[in-house]
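Asks: structural data only, the sequence is not supplied:
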Ligand code: COA
Ligand code: ZN
């Protein structure tokens, strides 16, 4: 039997964080409603970061307070430091994710810490989450290639993964922040990490900068990875990683998985509706290949009906 796949929707955080329009909390909640209606149950809802660094996330606590709660839905919050962790916990977060970049420069640009500081702070947050009974996850950002330092040595990723797991991380999210990875690269890194920690400890976060995100997911999927991040309409990109384009579009990933016989529990019609809501939030057209195809089909049907 093919294992069910868990998709962690990151549109509300990674997707919105660099959008020039400040999206009101009510609109973020409307987008969340549309995503839940499509069947998504795992969300990275926001980040508790400095509002000066990322103004879009200034409403993190207000958003958290308004999240619709049910047993089956999990909301995670990204936290860059202890202050962010404390804010997230006070807001009621039950899952937090730290973001530890694999290179010196990326940590400095993203969270104003050296690699050594970021390791220490991330480990402390993971330990605290474990002690408090929260789910702790660690993003290993720029795990393949850094926009400032170039190719990343898999041995570094391996060491950081082991360190975070030792500190209490329940999952390691391997992030191709700039969208520079290719499927062979992904296969090699995941083989290395799966050999040490097992596929269930790992998740993939791929940006679609060069159109390789789906192929990269498939490479990880073939190795037994069952958890992936994706962003509705392909919304997103890290404001601190030059050249990082949007995330893998959730609807493209669901379409590929369902077509290949994997179970996601997510409805593509519902995702199409959610793309439209996301477009309203950012004021421009979104979407990967699947939505373009779907819209062209609908336009063709309409013109046939009109003629
Ligand atoms: N939440 C809210 N405010 C925070 C905070 C947090 N988690 N951490 C620090 N701050 C505030 C401080 O209170 C201080 O406020 P003040 O200027 O009003 O006194 C200010 O931010 C600077 O604090 P400092 O500890 O010196 O942080 P910094 O300037 O070195 O910035 C980060 C470090 C991590 C807070 C900042 O770089 C950041 O938020 N980065 C987020 C990056 C991000 O979201 N990237 C995309 C996701 S991968
Ligand atoms: Zn990302």
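Replies: Alright, I've got the coordinates. The structure presented is a predicted model; accordingly, all values stated were derived computationally and were not measured. Ligands and ions are numbered 1, 2, ... in the order given.

Asks: list the contacts of residue 77.
Replies: By C-beta atoms under 8 Å, 6 or more residues apart in numbering, the residues touching residue 77 are 44-48, 60, 64, 84, 88, 91, 93, 95-97. Placement of C-beta: from N, CA and C, glycine included.

Asks: what separates it from residue 227, distance-wise?
Replies: Counting by C-beta to C-beta, to the nearest Å, the separation of residue 77 from residue 227 is 17 Å.

Asks: quick one: the strands in the stretch 101-250 of the chain?
Replies: Taking DSSP state E, counting those that start in this stretch as the test, the strands found in the stretch 101-250 of the chain are 135-141, 145-146, 150-151, 171-176, 202-206, 227-230.

Asks: in stretch 247-260, what's buried?
Replies: For stretch 247-260, burial by neighbour count (16 or more other C-beta atoms under 10 Å) applies to 247-257.

Asks: quick check, nearest of these to residue 32?
Replies: residue 250 (13.0 Å; C-beta to C-beta).

Asks: how close does the closest residue to the closest one other than its chain neighbours sit to ligand 1?
Replies: Excluding the flanking residues, the one nearest residue 250 by C-beta to C-beta, 6 or more residues apart in numbering is residue 230, at 4.0 Å. Using C-beta to the nearest ligand atom, to the nearest Å, residue 230 is found at 16 Å from ligand 1.

Asks: who's in contact with residue 230?
Replies: Residue 230 makes contacts with 7-10, 247-250, 252-254, as judged by C-beta under 8 Å, 6+ apart.

Asks: which residue sits closest to residue 67, ignoring its sequence neighbours?
Replies: Nearest residue to residue 67, sequence neighbours excluded (C-beta to C-beta, 6+ apart): residue 75, at 5.5 Å.

Asks: what are the bridge partners for that neighbour, then?
Replies: For residue 75, the beta-bridge partners are residue 43 (DSSP bridges).
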